[in-house]
Structures are given as structure tokens and as C-alpha cells.
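My questions are about this predicted structure, shown below with the sequence.
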Amino acid sequence: MTIEFIKKAEKTSATGEDDTRRIVADMLAQIESGGDDVAVEYGRKLDGWDGEILVSQETIEAAAAQVPQRLKDDLRFAYDRVRGFAEKQRASVVDFETELSPGLWAGQKLIPVNTAGCYVPGGRYAHVASAIMSIATAKVAGVENVVACSAPSNERGGVHPAILYTMNLSGADHILALGGVQGIAAMAFGLFTGKKANILVGPGNRFVAEAKRMLFGRTGIDLFAGPTEILVIADDAADPHIVATDLVGQAEHGLDSPAWLVTTSRRLADDVIARMPALIADLPEVQQQAAEAAWRDYGEVVVCDTDEEAATVSDEYAPEHLEVHTENLDWYTDRLKNYGSLFVGEETTVAFGDKCSGTNHILPTKGAGHYTGGLSVHKYLKVVTTQRMTKDANRDVAAVMARISRLEGMEGHARTGDVRLEKYFPDEKFELQI
């Protein structure tokens, strides 16, 4: 077994975490104690915004007037597919009740959370697709109150008009012109709306991700997330130009976005590495700077001898986005286990899923693909259980429960069964000790 790193990352996903935690913890404490006023002040300081925070319907309508019809059509295209996929997900889980033994029925019920807080990034890029991914999916799940937020700016006159339009299209009930930690905190603490989020969802920078992590427990979150990741598995038949372009396409997300190539072909590895600088240099300045730093500091290229080795390496990374460019696509599709979303074959690419093809782009990073998938309708649903039984069913269940409870030393538990047996079957004798 030979696995060779011909390009190794200089930094890891843990780089800079201590400073981030300190800053976020301080901000959350201040906003929770100071409420709306402190959140507004952070908005002025960090977003450069001193306008309305709770966006009015008049502002939403004015934003819609600024969005070109072609863009509206494109957003509807994306919305229809994301919503359609979410509806299929919702239909895949159902309420049920089943009789486990005579007179003993148990079941599950799916109850949407009451309020969801949806964060939509609006700083470097206007992430309209994220509004669809989080808000439309929540509404399909049946969430009654969706509070959404995004970073505003004075240059744009508030939240980006296309983001506002998309939030409204997707069904947001309240929209806050707040970005970053202050936006997350406002949704979690119910500022401006009086609706405390039961779950916080949506991608964001390291400060947003850390705020969600710190609030987890007080509120649910979609997943522990970090910078966007891509891993491409490729063999000798893959097109090196497409592979390199896909890596660059995700590296532009940010300075700390990992881009990984795992290949069974040294020739392809060398070819992809050689193409990366020119493809990065050809980007606009802001995207170029992000992709250059990401590839330099977080990019890796791994050469393996066999497909099994390549799959093993990929599963260890558990990447957010995983593309497979190989001749034996079915083998990899069946074999791979750890990833956020899988893109099979050259004909599909991460960006399709990111923007409009239907699957959700809010996905696990930093190895979380080992234990969770991405955002879905299911994240907004509480799966609760119900139980009911007849008096006759108590004859077996109560006696078994009492014996197990006494073995565990829980006499109080046991007696809750004893009293029912005494009431329902006064003339019968039961063995209630192990």
C-alpha cells in the first residue's frame, strides 16, 4: 500500500480557532445581556449599517423591483428544484403506530420545530442560493416561523436586493439586516422579533460557525461547519483541466477553503498541479486572492496505488463535497461512506449542487461527514415517540419492567409497575424479583 502526498497543506482546520472562540464568546455575552441595542451597535461597527434591522415589507418590495427578470427566473428554477427535492425528503419519513405485542402500541410522530433561524451569507458574495437551501427547506418541513438574517451595507442600502428577494420568495417570515455573530445571536435570543430560534442553520465564516457551536444545546444547529471543502477522486482517464477548474471553483470561497485531489495517476496529479496557478490567476482579484491562499495553505494532492486506497483516503477526509472522475463510477458510489454530498462523474460538479440542481448545499465540514449528513427537511423535524397499551398488556410489560428495574436498583421505577398489576389483576400473583 503506497499513499504519497505530493502536495501537503501548510495549515489545518484548527488554525486560528482559539482567537475565534475568545472573540465570539465575548460578543455573545454582550449581546445577550444588552439585547437589541448592543446587536444594533455591532451592526454599525461590523456591517457599517445604521438603517432598519427588522426589514419592512416596503423594503422587500423595493428590493424585488431591483432584481432583473432573468435573475428572478433563475432563482425560481433553483427554488423549484430545491423545494421539490425537500418535498421528496419529507415524504420519505412518516408518522406511524405499530402493535409490538398484543395490546401494546408504539409509534412516532414528526413535529416541526416552531422557529428556525436561517443565516444567509452576504459579505464577500451574495449567497442567494443559501437562502433557498435553508428557508425553503424549513417551510417544506412545516416550520411556522422562519427568521432569516444577512449582512447589510450602506453601499447597497441594506441587505443585498437579490438576497432579500430570494428570502421572501423562499418563505421567510421575518428578515433581519444583521450579519455575523450579531445576526446569529439576534436569532438565537429572539431579538427584534420575539421569536427565539429552536434551530440555527446556514453557512458562514469561522465566526458564524463558532457562534452556532457555542449556542448548541440552548438551540439546535444544522451541523458543526467550517470553511467549504472539496475533494476530487480522479484516475488516469479524468480530464485534468476540468478537475483543476473544479478545485479552483471551490477554493475561491475563502482563504481557508481546503481543496484536495486524491488520484491513482501520478501523471494526472502533476498535470493538475501545473494548471492551478494559471487558473487561479485568471480569476477576478478578490476571488484570485482567496483561491491562491486556499490552494497554497490548505491544498493537498495525494497519489494512491489502487482504487481501494483512494477510497480509504477519501473516507478519512470525510469531505464536504466529493467529486468522482473515474472510469469505475459505480464501484466508488457503492464503496464511499463518508462525505456531505457526492457528485458522480465529470458531467456533474459541486457548483451545480451549490446553486440550483436540487440537493442542499449546507453540508458537514471538518470531518463531520463521519457522523452526519447535511441540512435536510429532517433537521427541522423532531421525531417523537408515543405509546399506549391495554390493561391486559400490563400483565407482561409491568412484570418485566419491575424485574429489570430491581436488578438496576431502581425500586421507585419497579413500584410504578407493581401498583398497576395490583389494580388490574388483584387475584393474580406475579414474580417481581429477578
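Done, it's in.

Could you break the protein into its assigned domains?
Here the domain parsing of the chain from automatic domain parsing is 3-15+227-370, 35-222+378-382, 390-434.

For stretch 185-202, give the mean pLDDT please.
Stretch 185-202 carries an average pLDDT of 98.

After the worst-scoring helix or strand of the chain on mean pLDDT, which helix or strand is next?
In the chain, no helix or strand scores lower on mean pLDDT, DSSP states H and E than strand 3-7, which sits at a mean of 85. On the C-terminal side of strand 3-7, the closest following helix or strand by DSSP states H and E is helix 17-34.

where exactly do the helices run in the stretch 1-150 of the chain?
In the stretch 1-150 of the chain, the segments counted as helices under DSSP state H, counting those that start in this stretch are 17-34, 36-42, 57-66, 69-91, 128-131, 137-141.

one step back: identify the residues contacting the least confident helix or strand of the chain?
The contact list for strand 3-7, computed with C-beta atoms under 8 Å, 6 or more residues apart in numbering, reads 266, 269-270, 273, 299-305, 309, 313. No exception for glycine: its C-beta is placed from N, CA and C like everyone else's.

So what are the sheet partners of it and their directions?
Each strand paired with strand 3-7, and its direction, by DSSP bridges: strand 300-304 (antiparallel).

from the middle of its chain, how far away would the partner strand be?
Relative to its parent chain, strand 300-304 has a centroid offset of 27 Å by C-alpha atoms, centre = their mean, to the nearest Å.

Start the count at 31 instead of 1 going forward.
Yes, from this point I'll number from 31; that puts the last item at strand 330-334.

Only the buried residues of it, if you could.
Using 16 or more other C-beta atoms under 10 Å as the test for burial, strand 330-334 gives 330, 331, 332, 333, 334.

next one: stretch 336-345
Buried-residue list, stretch 336-345, by 16+ other C-beta under 10 Å: 337, 339, 340, 341, 342, 343, 344, 345.

I'd like those as a markdown table, with secondary structure, pLDDT and distance to residue 427 appended.
A markdown table is the format used below for the buried residues of stretch 336-345 (DSSP: H, G, I helix; E, B strand; the rest coil; pLDDT from 0 to 100; distance: C-beta to C-beta, whole Å):
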| residue | secondary structure | pLDDT | distance to residue 427 |
| --- | --- | --- | --- |
| 337 | helix | 97 | 51 |
| 339 | helix | 97 | 52 |
| 340 | helix | 98 | 51 |
| 341 | helix | 98 | 46 |
| 342 | helix | 97 | 46 |
| 343 | helix | 97 | 50 |
| 344 | helix | 98 | 47 |
| 345 | helix | 98 | 42 |
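
Any chance of those residues in TSV with distance to residue 63 as columns?
TSV is the format used below for those (distance: C-beta to C-beta, whole Å):
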residue	distance to residue 63
337	56
339	53
340	51
341	50
342	49
343	47
344	45
345	44
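
Out of the residues you listed, flag the one nearest to residue 462.
The closest of these to residue 462 turns out to be residue 345 (C-beta to C-beta; 49.6 Å).

Now do the same contact list for that closest one.
Contact partners of residue 345, counting by C-beta under 8 Å, 6+ apart, are 366, 367, 368.

before we move on, back to that, centre of the chain to the least confident helix or strand of the chain, how far?
With C-alpha atoms, centre = their mean, you get 30 Å for strand 33-37.

For residue 209, see how far away residue 106 is.
Distance from residue 106 to residue 209, counting by C-beta to C-beta, to the nearest Å: 26 Å.

Those two: who's more crowded?
Remark: of residue 106 and residue 209, residue 209 carries more neighbours, 29 against 13, as counted by other C-beta atoms under 10 Å.

My guess is that one contacts residue 178. True?
No - counting by C-beta atoms under 8 Å, residue 209 sits too far from residue 178 to count as a contact (11.8 Å).

Out of the helices of the stretch 31-180 of the chain, which one sits most buried?
Ranked by mean neighbour count, the helices of the stretch 31-180 of the chain are led by helix 158-161 with a mean of 28 (mean count of other C-beta atoms under 10 Å).

same for that one, what does it pack against?
helix 191-200 (3 or more C-beta pairs under 8 Å, 6 or more residues apart in numbering; DSSP states H and E).

now the angle between helix 99-121 and the helix it packs on, please.
40 degrees (axes from the mean of the first three to the mean of the last three C-alpha atoms, to 10 degrees).

so how far is helix 191-200 from its chain's centroid?
For helix 191-200, the distance to the chain centre is 20 Å (C-alpha atoms, centre = their mean).

Same check on stretch 407-416?
Per C-alpha atoms, centre = their mean, the centroid offset for stretch 407-416 relative to its chain is 16 Å.

any idea how far residue 377 is from residue 414?
From residue 377 to residue 414 the distance is 41 Å (C-beta to C-beta).

Compare those two (neighbour count), which wins?
residue 414 (11 against 8).

for the more buried one, what are its contacts?
Here residue 414 is in contact with 138, 139, 140, 141 (C-beta under 8 Å, 6+ apart).

Ranking by neighbours, what's the top pick from those residues?
Most surrounded of these: other C-beta under 10 Å gives residue 140, at 18 neighbours.

Dig out what that one forms beta bridges with.
residue 413.

distance of it from residue 411?
5 Å.

Now do the shared contacts for the two.
residue 123.

And the helices in the stretch 281-430 of the chain?
According to DSSP H, counting those that start in this stretch, the helices that the stretch 281-430 of the chain contains are 296-311, 315-328, 337-347, 359-365, 380-385, 424-438.

Which of those sits closest to residue 284?
Of the helices of the stretch 281-430 of the chain, the one closest to residue 284 (C-beta to C-beta) turns out to be helix 315-328, at 5.4 Å.

so that closest one versus helix 296-311, what angle?
Inter-element angle recorded for helix 315-328 and helix 296-311: 140 degrees (by the same axes, to 10 degrees).

which of the helices of the stretch 281-430 of the chain is buried the deepest?
Taking mean count of other C-beta under 10 Å, helix 380-385 is the most buried of the helices of the stretch 281-430 of the chain, at a mean of 20.

Double-check residue 145 against residue 202; I have them as touching.
No - in this structure, residue 145 is not within contact of residue 202 by C-beta under 8 Å, at 11.8 Å.

Between the two, which is the more surrounded one?
Using other C-beta under 10 Å, the more surrounded residue of residue 145 and residue 202 is residue 202, with 27 against 23.

what bits of the stretch 181-330 of the chain have low per-residue confidence?
Regions of the stretch 181-330 of the chain meeting the criterion pLDDT under 70 are absent.

ok, which stretches of it are strands?
182-183, 188-189, 204-206, 229-231, 250-251, 260-264, 289-293, 330-334 (DSSP state E, counting those that start in this stretch).

Now distance to residue 397 too, for the buried residues of strand 330-334, in JSON lines please.
JSON lines is the format used below for the buried residues of strand 330-334 (distance: C-beta to C-beta, whole Å):
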{"residue": "330", "distance to residue 397": "14"}
{"residue": "331", "distance to residue 397": "19"}
{"residue": "332", "distance to residue 397": "16"}
{"residue": "333", "distance to residue 397": "22"}
{"residue": "334", "distance to residue 397": "19"}
